[in-house]
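Student: test case, fold it:
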Amino acid sequence: MLRTLYCTAVLLISSIIISCSHTTQTAASELEVITRSQNILELQELMQQEQLSAVALVEFYLAKIEQQDQRYRSIITINPAARQQAKQLDAERRNGKIRSPLHGIPIIVKDNIETIEMPTTAGSLVLKDNVTNRDATLIANLRQAGAIILAKANLSEWANIRSERSSSGWSAVGGQTRNPLALNRSPCGSSSGSAVAVAANFAVAAIGTETNGSITCPASVTGVVGIKPTVGLVSRHRIVPISHTQDTAGPMAKSVIDAALLLQYMSSADQADEQTLDDSFDRTQKLAPAPQNLITTMRLGLVQSAATRHEAVATLEHQLSEKLAAKQWLAARDLAHSPYRNFWSDTYTVLLYQLKHDLNRYLSQLPPSHSQLTLEKIIAFNQQYHQQEMPFFQQEIFVKAQQKGPLTENDYQNALTRITQETQTSLDRMLSNQKLDALIAITRGPAWSIDRVNGDNTVGGVSTYSAVAGYPHITIPLGKVHGLPIGLSIMGRKGDERRLIALAYSLEQWLTTQSFNYGQPIDVTNN
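Tutor: Okay, the predicted model is just below:
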């Protein structure tokens, strides 16, 4: 890919002028430091001072992707219009028009979210040429705010709902995405490419989607911030679906402020998604905290995490709880959900029913080139092209979903009622009984080795209850186990994003003064 700078774009950084010939190694190093260390508000200030431009950011990131992403395979498609869009946004700024704090900020979007200029594949060859020529509602919102959609990110194919033995981050279209901190380690999924793109600094931030853990797990194992918002805060219109009761899109970024800004501008009510029409959402409030506004008094409850089966993670959790208690921030420990006997099978049943119903409905609304597709036809396609689509794992979840009936069946209705009541009641009770501001927990253990033969080998985390309830869940970097990141989850009530983000920001700032590390770092070149 040729790297060309527009002659009208001039980037002034530390007295270095970058004009229209090429990006020098020195300037690229300067930009690497700036884009890794500065948040969106600080980047905006540089652009206002004419020390930075949208074109320069786009060129820098495209060059990085070209030079480095062969190792990571985080990107499926580059937006062919990104340079022109950056040029237009720079012109608007020169004319005094600034749309929002996202003006001229390049972001990367998971490839199950529709964008006008690029195919939306969900990682599947059956959708490889699925150019819908339309934007998802959240993408339209971000463009209106001035964000630049730089590229589409790889993902676990079909958002990890095809096989019980899948390898997170693998898709037939994009191949195997790798964790940039250790190339043989999993990036988790299904928002694998989005998390890796942020961790590798291929964009300022990214958008992922989650049904259960697909934002928070990749963010945790790559050392970035991820926000899974309350279901309905962000429209799911024109996103390849799994579950209308659990699906949501959310931001992934290097800082809480950046993630909050993205969430602010991607969110909206949408007649095409009835969940967004809930009157309980306060869409007038600002989600991003002011940098100087740190919360110094908080009541947190520590929830038991399956990740602490790993003795190193358990050690870090104990250290964390002691330090939080010393600050009088920890109001309760050893909190635990008590799922009823068939809870896990009920959650699976609900997903199978909804997958068939929601995916078939979505496919029928695609342009004519793909609107004839159904789950049944996709299963047949995968069988026909099994060498390309199923070289490592099969499609048993698809097959089980295809066998389900309509959503009017009692098995589905009863299971949905049970799991919704269980998760919402348990979370609400934990928070109210102890008068807690939020629940916290270790998000996941460290990244496991990629294994496309046996599939993911991971100890569970804490995503399920918030996911099934439709409640918000934020993860921020906590520390490292043998050099591999682990995250801290902050979970709360429905629609309580503003409080959770403020808490997450304050904890993020406090953690910069702490050290939660266990063991010698692994040799990432050989292990």
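
Student: the helix or strand containing residue 488 packs against which elements?
Tutor: Assigned by DSSP states H and E, residue 488 belongs to strand 484-491. Using 3 or more Cβ pairs under 8 Å, 6 or more residues apart in numbering; DSSP states H and E as the contact test, the elements touching strand 484-491 are helix 216-222, helix 311-326, strand 438-442, strand 473-481, helix 497-511. Glycine gets a C-beta too; all of them are placed from N, C-alpha and C.

Student: give me the angle between the third one and helix 311-326.
Tutor: Translated: strand 438-442. Interaxial angle, strand 438-442 versus helix 311-326 (axes from the mean of the first three to the mean of the last three Cα atoms, to 10 degrees): 150 degrees.

Student: could you measure from the spatially closest residue to residue 357 that is not a sequence neighbour over to residue 129?
Tutor: In this structure, residue 357 finds its nearest non-sequential neighbour in residue 407, 5.4 Å apart by Cβ to Cβ, 6 or more residues apart in numbering. According to Cβ to Cβ, to the nearest Å, residue 407 stands 31 Å off from residue 129.

Student: between the two, which has more neighbouring residues?
Tutor: Set residue 407 next to residue 129 and count neighbours by other Cβ atoms under 10 Å: residue 407 wins out with 15 against 10.

Student: about what we covered before: confidence score at the residue nearest to residue 357?
Tutor: Per-residue pLDDT puts residue 407 at 99.

Student: list the contacts of it.
Tutor: 353, 354, 357, 413 (Cβ atoms under 8 Å, 6 or more residues apart in numbering).

Student: again with residue 353
Tutor: Taking Cβ under 8 Å, 6+ apart, one finds 401, 404, 405, 407, 409, 411, 412 in contact with residue 353.

Student: out of these, which are buried?
Tutor: 401, 404, 412 (16 or more other Cβ atoms under 10 Å).

Student: right, and the first one touches residue 355 too?
Tutor: Yes: the pair residue 401 and residue 355 qualifies as a contact (Cβ atoms under 8 Å) at a distance of 4.4 Å.

Student: shared neighbours of those two, anything?
Tutor: residue 375.

Student: next SSE after the worst-scoring helix or strand of the chain on mean pLDDT?
Tutor: Every helix and strand in the chain was compared by mean pLDDT, DSSP states H and E; the lowest is strand 16-18, with a mean of 36. Going down the chain from strand 16-18, the next helix or strand is helix 25-37, by DSSP H and E.

Student: can you count the residues close to residue 331?
Tutor: Neighbour tally, residue 331, other Cβ under 10 Å: 16.

Student: how about residue 413?
Tutor: By other Cβ under 10 Å, neighbour count at residue 413 equals 13.

Student: same deal with residue 433?
Tutor: Neighbour number of residue 433 under other Cβ under 10 Å is 11.

Student: run through this protein and note the low-pLDDT ranges.
Tutor: Where the chain drops to pLDDT under 70, the residues are 1-24, 525-527.

Student: mind checking how far stretch 311-322 is from the chain centre?
Tutor: 26 Å (Cα atoms, centre = their mean, to the nearest Å).

Student: if you could redo that for stretch 197-216, that was the one I meant.
Tutor: Counting by Cα atoms, centre = their mean, stretch 197-216 comes out at 3 Å from the chain centroid.

Student: that one: which residues count as buried?
Tutor: 197-216.

Student: show me this protein divided up by domain.
Tutor: As assigned by automatic domain parsing, the chain contains the domains 72-336+423-527, 343-411.

Student: quote the end-to-end distance of the shortest one.
Tutor: Using Cα to Cα, to the nearest Å, the end-to-end distance of domain 343-411 comes out at 13 Å.

Student: surely residue 173 is in contact with residue 124?
Tutor: Yes: if you go by Cβ under 8 Å, residue 173 and residue 124 touch, sitting 6.7 Å apart.

Student: quick check: neighbours shared by those two?
Tutor: residue 157.

Student: tabulate the buried ones among the contacts of residue 353 in TSV, adding columns for distance to residue 373.
Tutor: Shown next, in TSV, are the buried ones among the contacts of residue 353 (distance: Cβ to Cβ, whole Å):
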residue	distance to residue 373
401	15
404	18
412	23
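
Student: ok but residue 417 is inside a strand, no?
Tutor: No: counting by DSSP: H, G, I helix; E, B strand; the rest coil, one finds residue 417 to be helix, located in no strand.

Student: in strands, which of the buried residues of stretch 197-216 fall?
Tutor: In strands, defined here by DSSP state E, the members of the buried residues of stretch 197-216 are 205, 206, 207, 208, 209, 210.

Student: need the contact list for the fourth one.
Tutor: Residue 208 makes contact with 110, 153, 190-191, 194-195, 214-215, 218-219, 226, 249-252, according to Cβ under 8 Å, 6+ apart.

Student: quick one: it from residue 156, how far?
Tutor: 11 Å.

Student: okay, and the common contacts of these two?
Tutor: 190, 214.

Student: just the helices in the stretch 201-350 of the chain please.
Tutor: Listed in chain order, the helices found in the stretch 201-350 of the chain under DSSP state H, counting those that start in this stretch are 216-222, 256-266, 311-326, 343-364.

Student: just say which of those is most tucked in.
Tutor: helix 216-222 (a mean of 34; mean count of other Cβ atoms under 10 Å).

Student: then it to CSV, C-alphas only?
Tutor: Output of helix 216-222 as CSV, limited to C-alpha atoms (Å, rounded to 0.1, in the frame of the first residue of the first chain):
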residue,chain,number,x,y,z
THR,A,216,-14.3,-7.2,28.4
CYS,A,217,-12.3,-10.4,27.9
PRO,A,218,-10.2,-9.1,24.9
ALA,A,219,-9.7,-5.8,26.6
SER,A,220,-8.5,-7.5,29.8
VAL,A,221,-6.0,-9.8,28.1
THR,A,222,-4.5,-7.1,25.9
